[in-house]
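S.K.: sequence first, predicted model second:
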Amino acid sequence: MRRPFEVLLAVSAGLVLAFLLVPVVALFLRIPPGDLVSQLTSEVAVDALIVSLKTSLVAHAIVLLFGTPAAYFIATKRFRGRAAVLTMIELPLVLPPAVAGIALFAAFGRAGLLGGTLDAAGISIPFTQAAVVLAVIFVSSPFYVRLGISAFEAVDPRLIEASRTLGAGPRRTFFRVALPLAAGGLSAASALAFARGLGEFGATIMFAGSLQGVTQTLPLAIYAQLDLDFDVALALGAFLVVVSVAVLLTVKLLPSWTRFTLISLAPSARTDSS
Amino acid sequence: MTRAALALAILAALTGCGGSGTGGGDSNEQATVFAASSLPEVFPKIDPEATYNFAGSDDLATQIREGAPADVYAAASPKYPDELYAEGLVDKPEVFATNRLVLIVPKGNPAGIESVDDLRKKGVKLVIGAEGVPIGDYTRTVLENMGASDVLDQVVSEEDDVKGVVGKVSLGEADAGFVYVTDVKPVADKVTAIELPAEAQAEVKYEIAVVKDAQHHDAAHAFVEQVLGEQGQATLAAAGFGPP
């Protein structure tokens, strides 16, 4: 009785793995590796790479700059409505990208909620790189902030207290104690958020439009090239797979780089060793 | 193997969007029609029973090449049906309608555009179809015919199908866009259409063809006959399409 069941489990696992892997592998088999690289140097591909890199880096810098203190605040403070705040941060994670696009129009579009104010200030966001950056921030920051909160929550509060009783101010405590201890988790969060931002499609194509060299990011270029030059689309797709694998490896390896500092400090690890 | 995997992915996508169109009934007798984005207001009136997949003609051609289960292909340009015919993927295409381009601006016309010349005004946000998409190619032809290709500098977004252009102008986010005259009616309360000179018009021909590997071969032929027939032509004319 036990044998067939074990076999069933193994077959299911095999099927799941094959289903997930076959399309990705097929992407690489469709054109020879040499062509793959040469397609990446086509004008459309290079423009898309530059646009993606630029907007992703700017968006990511903003996410880190504001997301880190925000995550620390939410992780360490107990206030009324905290659960609601957490839910609001998680909302964009499950929101369909098309909804994100239309919501950004509703907020920052010319006819949107803040449109009049922005217009008066001489700022027009839709169809610019700023629109791409906003779209990327909207979909990627929840990853960083949510995981960042978990990272800060995993820091033993007694260490924070100890730092304070030993005379360190809140700023010193944040930079010298909380931040280094949460670094592993924050880096993983950062990598995942960056990958999500790089892959942003739905909100961008709606809110920022698609124009080569301006707002056409890698995923948008894949979509645009699908019928014009399938090989370029394939090459860009393969490139994004490679980037995604790199991000995943980073996420897997980072905690082990920082583990030795956490083992002696994290509450769960301490109970394990005692 | 690679073809199979891609076809699988496309199939999954299709069942996802086709589901809302078909009821729960037996769809075996119904044709699956892959039709250009400018046709959703018309085709369901000609045959409400068929299963539809509306997208850019170029995307549909790619899907058919990758083995998507289409029975009929109706495109906003002879380019892709002719290509598929040459590749032996569809029967000989027939012209079933013609169309013409107009310039649309949002109601209220924030940029004050009255003609193609006004598109040159500083800061005008023009949205057009991407190159390779029929509406995008026609737009470039029209502008060339008018000696106004320089307005392409004002383009802020190149959309993958005509509905993308219509959407951004009717939302009021873009100042102007080039679309088919038949796209205007459904959003007539949100946009104003500006006619273009007849001599500058591109020859916009719609072609329809039965897919060679059609699973519902009879239904596919019946659908094409219906579109070319009296009732189909009357419905197309009522929506603003020109005769073949």
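M.R.: It's in.

S.K.: check the offset of stretch A:69-88 from the chain's centre.
M.R.: In this view, stretch A:69-88 has its centroid 20 Å away from the chain centroid, taken as Cα atoms, centre = their mean, to the nearest Å.

S.K.: quick one: residues contacting residue 128.
M.R.: Looking at chain A here, since you left the chain open. By Cβ atoms under 8 Å, 6 or more residues apart in numbering or on different chains, residue A:128 lies in contact with A:208, A:214, A:215, B:156. In short, each C-beta sits where N, CA and C put it, glycine included.

S.K.: I was thinking of chain B, sorry if that wasn't clear
M.R.: Contacts for residue B:128 (Cβ under 8 Å, 6+ apart) come out as B:135, B:136, B:139, B:152, B:155, B:158, B:159, B:165, B:177, B:178.

S.K.: bridging residues for the nearest residue to residue B:72 once chain neighbours are set aside?
M.R.: Among residues not flanking residue B:72 along the chain, residue B:33 sits closest, at 4.5 Å (Cβ to Cβ, 6 or more residues apart in numbering or on different chains). In this entry, residue B:33 is beta-bridged to residue B:52, residue B:72, by DSSP bridges.

S.K.: residue B:33 contacts residue B:49, doesn't it?
M.R.: No: using Cβ atoms under 8 Å as the test, residue B:33 is too far from residue B:49 to be in contact (10.5 Å).

S.K.: and residue A:155, what are its phi and psi?
M.R.: When read as degrees, to the nearest 10, the backbone of residue A:155 gives phi -80, psi 130.

S.K.: these two touch, right, residue B:105 and residue B:187?
M.R.: No: Residue B:105 is beyond contact range of residue B:187, at 11.8 Å (criterion: Cβ under 8 Å).

S.K.: for those two, indicate the residue with more neighbours.
M.R.: More neighbours surround residue B:105 than the other of residue B:105 and residue B:187, with 24 against 18 (other Cβ atoms under 10 Å in any protein chain shown).

S.K.: ignoring the adjacent residues along the chain, who's closest to the residue in chain A positioned nearest to chain B?
M.R.: For chain A, the residue closest to chain B is residue A:209, as judged by Cβ to the nearest Cβ, at 2.5 Å. In this structure, residue A:209 finds its nearest non-sequential neighbour in residue B:157, 2.5 Å apart by Cβ to Cβ, 6+ apart.

S.K.: any idea which helix or strand carries that neighbour?
M.R.: Assessed by DSSP states H and E, residue B:157 sits inside strand B:155-159.

S.K.: one step back: neighbour count winner among residue B:33 and residue B:49?
M.R.: Using other Cβ under 10 Å as the criterion, residue B:33 and residue B:49 rank with residue B:33 on top: 29 against 15.

S.K.: how about the residues of chain B by chain A?
M.R.: Taking Cβ under 8 Å from any Cβ of the partner chain as the criterion, chain B approaches chain A at residues B:1-2, B:5-6, B:8-9, B:56, B:58-59, B:61-62, B:110, B:125, B:127, B:130-133, B:155-160, B:164, B:168, B:171-174.

S.K.: out of the residues you listed, which end up buried?
M.R.: Buried residues within the residues of chain B next to chain A, counting neighbours by 16 or more other Cβ atoms under 10 Å in any protein chain shown: B:2, B:5-6, B:8, B:56, B:58-59, B:61-62, B:110, B:125, B:127, B:130, B:132-133, B:155-160, B:164, B:168, B:171-174.

S.K.: quick check, pLDDT for residue A:266.
M.R.: Here, the pLDDT recorded for residue A:266 equals 44.

S.K.: circling back to that earlier point, for the strand holding residue B:157, packing partners?
M.R.: With contacts defined as 3 or more Cβ pairs under 8 Å, 6 or more residues apart in numbering or on different chains; DSSP states H and E, strand B:155-159 has these neighbours: strand B:126-129, helix B:162-170.

S.K.: quick one: which of the ones you listed is nearest residue A:189?
M.R.: Nearest to residue A:189, of all the helices and strands packed on strand B:155-159, is helix B:162-170, at 33.8 Å by Cβ to Cβ.

S.K.: neighbours of residue A:224, how many?
M.R.: Using other Cβ under 10 Å, residue A:224 has 26 other residues around it.

S.K.: got the contact list for the residue in chain B that chain A sits nearest to?
M.R.: Proximity of chain B to chain A (Cβ to the nearest Cβ) peaks at residue B:157, 2.5 Å away. With contacts defined as Cβ under 8 Å, 6+ apart, the neighbours of residue B:157 are A:127, A:208, A:209, A:210, A:211, A:215, B:127, B:164, B:168, B:174.

S.K.: looking at these, which are in helices?
M.R.: Judged by DSSP state H, the subset of these located in helices is B:164, B:168.

S.K.: can you redo the contacts of residue B:157 as CSV with pLDDT and distance to residue A:50?
M.R.: Output for the contacts of residue B:157, formatted as CSV (pLDDT from 0 to 100; distance: Cβ to Cβ, whole Å):
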residue, pLDDT, distance to residue A:50
A:127, 89, 18
A:208, 92, 15
A:209, 89, 17
A:210, 91, 15
A:211, 91, 13
A:215, 94, 12
B:127, 96, 22
B:164, 90, 23
B:168, 93, 24
B:174, 94, 24
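
S.K.: nearest to residue B:200 among the contacts of residue B:157?
M.R.: Proximity of the contacts of residue B:157 to residue B:200 (Cβ to Cβ) peaks at residue B:127, which lies at 19.4 Å.

S.K.: and the closest one, bridged to which residues?
M.R.: As assigned using DSSP bridges, the partners bridged with residue B:127 are residue B:157, residue B:177.

S.K.: ok, it to residue A:119 distance?
M.R.: Going from residue B:127 to residue A:119 by Cβ to Cβ, to the nearest Å gives 19 Å.

S.K.: got it, and residue A:108?
M.R.: 11 Å.

S.K.: quick one, helices of the chain?
M.R.: Picking chain A for this. Per DSSP H, chain A carries helices over the ranges A:2-29, A:33-39, A:43-76, A:82-94, A:97-108, A:115-120, A:129-153, A:157-165, A:170-173, A:179-198, A:202-207, A:218-228, A:230-263, A:267-273.

S.K.: that answer is for a different chain, and I need it for chain B
M.R.: Assigned by DSSP H, chain B shows helices spanning B:2-18, B:43-46, B:57-65, B:79-86, B:134-145, B:162-170, B:217-228, B:230-238.

S.K.: any stretches of chain A with poor pLDDT?
M.R.: For chain A, residues meeting the criterion pLDDT under 70 lie at A:1-2, A:255-274.

S.K.: surely residue B:59 touches residue B:160?
M.R.: Yes: the criterion here is Cβ under 8 Å, and residue B:59 meets it with residue B:160 at 7.2 Å.

S.K.: how close does the residue nearest to residue A:209 sit to residue A:204?
M.R.: According to Cβ to Cβ, residue B:157 and residue A:204 sit 11 Å apart.

S.K.: around chain B, pick out the residues from the stretch 51-200 of chain A.
M.R.: Neighbours of chain B within the stretch 51-200 of chain A, by Cβ under 8 Å from any Cβ: A:105, A:109, A:110, A:111, A:126, A:127, A:128.

S.K.: can I get these in TSV including distance to residue B:192?
M.R.: TSV is the format used below for these (distance: Cβ to Cβ, whole Å):
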residue	distance to residue B:192
A:105	20
A:109	19
A:110	17
A:111	16
A:126	20
A:127	21
A:128	25
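
S.K.: and the furthest pair within the residues you listed?
M.R.: Across those, no pair lies farther apart than A:111 and A:128, at 16.5 Å, counting by Cβ to Cβ.
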